[in-house]
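A.B. asks: Build me a model from this:
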Amino acid sequence: MKALITGGEGGLGRAMRARLEREGYEVESLDLLNGFDVTDPQAWERVEAVDLAVLNAGILTPETDLRELTTEDYRRAVAVNVDGVVFGVRRLARVMDGGTIVATASLAGLVGMPLDAIYSLTKHAVVGFVRSVAPVLAPIKVNAICPGIADTAMLDQHDQRALFAEAGFPLLRPDEVAEAMWLAANSEGTGECWFVQPGREPGPFRFANVPGPRREGATVGLPPITP
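C.D. replies: Presented below is the predicted three-dimensional model:
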């Protein structure tokens with residue numbers, strides 16, 4: 001069995017690799033550290049079919065104050081966090097006849113994250129993309145995981161580790177996120193977004209239904225989900 005993981009050299013990526021290797025997968029790590037840029041469409045053209053793909057690469061913005069954020073840094077965050085998922089799913093959908101894709105979103109894709117509004121924007125995009133694209137890519141399954149705050153090097157970028165420690169806020173261990181990835185990968189469902197929080201069993205987030213339109217006093221359904 002073959003798998004690939006983007007961002008495979010980071011804290012979550014390494015834990016996911018180890019989890020899949022324990023299950024007998026031959027895992028390829030696609031990471032900027034070993035020469036793979038998820039924002040490059042041409043790089044994706046060299047990727048072939050696998051049984052399981054984990055699109056995990058993600059970054060924070062260097063500046064959390066929107067007023068000080070440069071256009072270059074904004075576009076880089078969107079490119080890594082959003083394009084890296086879209087380009088990956090597009091390529092894999094072209095070469096895979098089945099199998100599973102899991103994208104790493106974030107709890108910041110389900111709720112607001114004032115600490116980094118652009119990061120939250122990108123993860124909301126991943127959640128919306130997964131929910132929207134999954135129905136049209138069957139038999140390929142496409143799910144997402146939405147971890148809360150994980151104990152990785154990303155916490156140190158904006159000195160957030162001390163903030164959470166002072167507040168007594170529990171952090172996820174990378175192996176807990178890796179286990180949630182494995183559960184999402186083996187789910188019977190598609191288009192699911194799994195919440196991952198310390199002390200809780202991971203599971204698909206239940207999105208509230210939005211009110212449907214009305215016509216002549218009667219409520220009609222939402223638009224068709226497939227073309």
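
A.B. asks: Any idea how many residues pack against G112?
C.D. replies: When neighbours are counted by other CB atoms under 10 Å, G112 registers 10. Heads up, the C-betas are built off the backbone N, CA and C, glycines and all.

A.B. asks: Low-confidence regions, this structure specifically.
C.D. replies: For the chain, the stretches with pLDDT under 70 are 155, 158-159, 162-167, 217, 219-227.

A.B. asks: repeat that with 50
C.D. replies: 227 (pLDDT under 50).

A.B. asks: where exactly do the strands run in it?
C.D. replies: According to DSSP state E, the chain carries its strands in the segments 2-6, 26-30, 52-55, 100-104, 141-147, 193-196, 203-204, 214-215, 218-219.

A.B. asks: In JSON lines, list those strands along with mean neighbour count.
C.D. replies: Below are these laid out as JSON lines (neighbours: other CB atoms under 10 Å):
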{"stretch": "strand 2-6", "mean neighbour count": "26"}
{"stretch": "strand 26-30", "mean neighbour count": "20"}
{"stretch": "strand 52-55", "mean neighbour count": "28"}
{"stretch": "strand 100-104", "mean neighbour count": "28"}
{"stretch": "strand 141-147", "mean neighbour count": "27"}
{"stretch": "strand 193-196", "mean neighbour count": "22"}
{"stretch": "strand 203-204", "mean neighbour count": "16"}
{"stretch": "strand 214-215", "mean neighbour count": "8"}
{"stretch": "strand 218-219", "mean neighbour count": "8"}
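
A.B. asks: Turn those strands into TSV, including distance to R76.
C.D. replies: Below are the strands of the chain laid out as TSV (distance: least, CB to CB, whole Å):
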stretch	distance to R76
strand 2-6	15
strand 26-30	18
strand 52-55	17
strand 100-104	17
strand 141-147	21
strand 193-196	24
strand 203-204	31
strand 214-215	43
strand 218-219	43
